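Engineer: predicted model, plus sequence, below.
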2 protein chains.
Amino acid sequence: MSKSSSDIAEQAATARNLRADAQRNHDLLVDAAAVVFATSGVDAPMKSVADQAGVGVGTVYRRFPRRSDLIVAVFHREVDACADAAPLLAMQYEPFEALTHWIERLLDLIVTKRGLAAALHSGEPAYTSLRDDFEVRLVPALQGLVEGARTEIRADITAAELWNALARLCAPATVDDFEPTRRMVDVLINGLRVESRRLSDTRD
Amino acid sequence: MSKSSSDIAEQAATARNLRADAQRNHDLLVDAAAVVFATSGVDAPMKSVADQAGVGVGTVYRRFPRRSDLIVAVFHREVDACADAAPLLAMQYEPFEALTHWIERLLDLIVTKRGLAAALHSGEPAYTSLRDDFEVRLVPALQGLVEGARTEIRADITAAELWNALARLCAPATVDDFEPTRRMVDVLINGLRVESRRLSDTRD
DNA sequence: TTGATAAACGGAATTGCCTTCCGTATATAA
DNA sequence: TTATATACGGAAGGCAATTCCGTTTATCAA
C-alpha cells in the first residue's frame, strides 16, 4: 500500500486550504467508509462510518454533505488503485497474463464492493463523476495492457470496446450472485486470443 | 380504461381468500401508489400512499410488507396494460405504424415512471419477478407486432432481439434526461425498415 | 335476522437514521 | 504567545419505517 501517482493528485485536490486535522480526518473517513461500505454496503448508517473513523457525525457531514460524496471519494480511490496496478502487472507478468490478472482485479473492484455496480448504473446525477472516473482512468490503463498483448489478441478489438463490453457485462443481474458475470467475463477473455475460434469455425 | 383480460388474472391471483374490504383496499392501494409513484418517485413515504388511498399505514404494511411488493404490484399492472395495448394498436394502425406506436408507449412506460428503469436494472432480487413480467408479457406482445409488419422490416430481427436492444437502450443514463434514449430508440426504429441502408452501403 | 368469530382496520407508539446546530477545542500565523 | 479562523463532537430535532393492539367489520351459521 505505498504512495502512487494518484495520491499526489488527491493531495492537490483536497489538501488545498484544509487545516492539517481536517485533512487527516478526511483521509480517516475515506478509509473508514471503505471498510464500512465493504461490510455493510453503501447504505450503511453514517454513524457507523463516523465510529469506524473515530470522529463525530458532524465531521462526516462537514466533509461529505451528501452520502454520494463519500461513496464517490471511496471508489475514486479504488479506481485509482486499480488503474495504477496496470503498469505494475505489465512488468510482473507476460502480456496476456497481465491483461487477465488486471481484468480479474477490475472484476473484484466492481463485484466485491456492494452497491458499486448499482451506483454506476443507477443513473443518479450524483454518480456521473464516478462513471467518468472509470472511463478516464481505466480505459487508458486497459489500453496499455491491450497494446502490450497486441500480438496475442484479436486485432479488431480496441481497449474502449473491451471496456464497454466489460461494463455492460457487469451491469448487475442479481446482487448476490455474480458467478454468471464472472463466467461471461472469462468467456470474453478467452475469446480475445488471436488463435481463438471465430463464429465461422466449427462448433464445439 | 375498460377491463381487459389481465384484470381477470389479477382477480384470480389476489381475490382468493381475501375479505371483500381487504380486496377493495388492495386495489385502492395499487391505484394510490401508481399516482404517488408517478408524482414523487418510488421512494415516496408510505404514509403518502396510505393517505392517497384513504387508509391507515397499517393497512399498507399488512398488504405490502415490503416497499418492493407495492412497486411490483403497480408496474405489473402497467406492464399488463402495455401488453394488452399491442393487439389494439395492431387493429387500429398499419402494421409498421402500430409497431412504432407501441414502442413509443413502451418508452413512456419505462421512461415516465420515475424509478422503474432503476428498479429494473438494480439487480435487487426483489425485482426479478418484475423483470420476468416484462419478458413474459412484452416479448409476445412485441412478437405479434413484428410478425404483422414482417414484410416491412428486416428479416434478420427477432422480437426477442428487439426487446433486448430496447431494454439495454433504456438502461438509465441520467435520471432526468431521457432525450438521448428517445433519440436512440428512434434511430433503432428507423433502422428496422427493410429499405434502410445497411452498414455496407455508402455513407451519408 | 342475528350473533359469534375471524379478519382487517387505523393510527399511536417505537425505533432508527439523517441532518443541523452550537459550544468547545485546536491549528495556524502574526 | 495570543488572536482568530477553522474544525470538532455529539446532543437535539425531525422524518419516515415498522410494529402493535384496541376497535371495527365482513362473513357465515343458526
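Structural biologist: That came through, no problem.

Engineer: which residues of chain A lie near DNA strand C?
Structural biologist: Within reach of DNA strand C by Cβ under 7 Å from any atom of the strand, chain A has these residues: A:19-21, A:43, A:45-47, A:57-58, A:61-62, A:65-67. Using the backbone N, CA and C atoms, a C-beta is placed for each residue, glycine as well.

Engineer: what two of the residues you listed have the greatest distance between them?
Structural biologist: Greatest spatial distance among the residues of chain A next to DNA strand C (Cβ to Cβ): A:Ala20 and A:Asp43, at 31.8 Å.

Engineer: where does A:Val55 fall, phi/psi-wise?
Structural biologist: Dihedral pair for A:Val55: phi -130, psi 170, per degrees, to the nearest 10.

Engineer: quick one: it from A:Gly115, how far?
Structural biologist: Counting by Cβ to Cβ, to the nearest Å, the separation of A:Val55 from A:Gly115 is 22 Å.

Engineer: residue ranges with poor pLDDT in chain A?
Structural biologist: Along chain A, the model assigns pLDDT under 70 to residues A:1-16, A:172-177, A:195-204.

Engineer: can you name the residue of chain A nearest DNA strand D?
Structural biologist: For chain A, the nearest residue to DNA strand D under the criterion Cβ to the nearest atom of the strand is A:Gly58, separated by 1.9 Å.

Engineer: neighbours of the residue nearest to A:Ser40 when sequence neighbours are not counted, how many?
Structural biologist: With sequence-adjacent residues excluded and distances taken as Cβ to Cβ, 6 or more residues apart in numbering or on different chains, A:Ser40 is closest to A:Ser48, at 6.8 Å. A:Ser48 has 16 neighbouring residues, counting by other Cβ atoms under 10 Å in any protein chain shown.

Engineer: what helices and strands are in contact with the biggest helix by length in chain A?
Structural biologist: Identified as the longest helix of chain A according to DSSP state H is helix A:67-92. Applying 3 or more Cβ pairs under 8 Å, 6 or more residues apart in numbering or on different chains; DSSP states H and E, one finds that helix A:67-92 makes contact with helix A:5-14, helix A:20-40, helix A:95-107, helix A:116-121, helix A:128-133, helix A:139-148.

Engineer: so the longest one, near DNA strand D or not?
Structural biologist: Just to be clear, that refers to helix A:20-40. Yes: residues of helix A:20-40 contacting DNA strand D under Cβ under 7 Å from any atom of the strand: A:Asp21, A:Ala22, A:Asn25.

Engineer: now that helix: buried residues?
Structural biologist: Neighbour counts over helix A:20-40 (16 or more other Cβ atoms under 10 Å in any protein chain shown) mark A:Asn25, A:His26, A:Asp27, A:Leu28, A:Leu29, A:Val30, A:Ala32, A:Ala33, A:Ala34, A:Val36, A:Phe37, A:Ala38 as buried.

Engineer: tell me how far the residue nearest to A:His101 when sequence neighbours are not counted lies from A:Gln143.
Structural biologist: Leaving out its chain neighbours, the residue that sits closest to A:His101 by Cβ to Cβ, 6+ apart is A:Leu89, at 5.2 Å. Distance of A:Leu89 to A:Gln143, given as Cβ to Cβ: 14 Å.

Engineer: more neighbours: which of those two?
Structural biologist: Taking other Cβ under 10 Å, A:Leu89 and A:Gln143 do not tie; A:Leu89 has more neighbours (21 against 16).

Engineer: kindly report the domain assignment for chain A.
Structural biologist: What automatic domain parsing lists as the domains of chain A is A:5-65, A:68-192.

Engineer: CSV please, covering these and showing distance to B:Leu138.
Structural biologist: Shown next, in CSV, are the domains of chain A (distance: least, Cβ to Cβ, whole Å):
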stretch, distance to B:Leu138
domain A:5-65, 31
domain A:68-192, 18
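
Engineer: any idea which of the ones you listed is most buried?
Structural biologist: With neighbours taken as mean count of other Cβ atoms under 10 Å in any protein chain shown, the domains of chain A reach their highest mean count in domain A:68-192, at a mean of 17.

Engineer: next one: that one to chain centre, how far?
Structural biologist: The chain centre lies 6 Å from the centre of domain A:68-192; the measure is Cα atoms, centre = their mean, to the nearest Å.

Engineer: please see if that domain touches DNA strand D.
Structural biologist: No: under the criterion of Cβ under 7 Å from any atom of the strand, DNA strand D is not reached by domain A:68-192; the shortest gap measures 13.8 Å.

Engineer: pull the contacting residues for the most centrally placed residue in chain A.
Structural biologist: With distances taken as Cα atoms, centre = their mean, A:Val79 lies nearest the centre of chain A, 3.9 Å away. Listed by Cβ atoms under 8 Å, 6 or more residues apart in numbering or on different chains, the contact set of A:Val79 reads A:Leu109, A:Asp133, A:Phe134, A:Arg137, A:Leu138.

Engineer: closest to chain B out of the residues you listed?
Structural biologist: Closest approach to chain B among these (Cβ to the nearest Cβ): A:Phe134, at 14.0 Å.

Engineer: rewinding a little: indicate which one of the domains of chain A is closest to B:Ile189.
Structural biologist: domain A:68-192 (21.7 Å).

Engineer: what about the closest one, start to end distance?
Structural biologist: Domain A:68-192 stretches 36 Å from its first residue to its last (Cα to Cα, to the nearest Å).

Engineer: how near is the spatially closest residue to A:Leu99 that is not a sequence neighbour to chain B?
Structural biologist: The shortest distance from A:Leu99 to any non-neighbouring residue, by Cβ to Cβ, 6+ apart, is to A:Leu145 (4.4 Å). Distance of A:Leu145 to chain B, given as Cβ to the nearest Cβ, to the nearest Å: 27 Å.

Engineer: so who does A:Leu145 touch?
Structural biologist: Each residue near A:Leu145 by Cβ under 8 Å, 6+ apart is listed here: A:Ala86, A:Leu89, A:Ala90, A:Pro95, A:Ala98, A:Leu99, A:Trp102.
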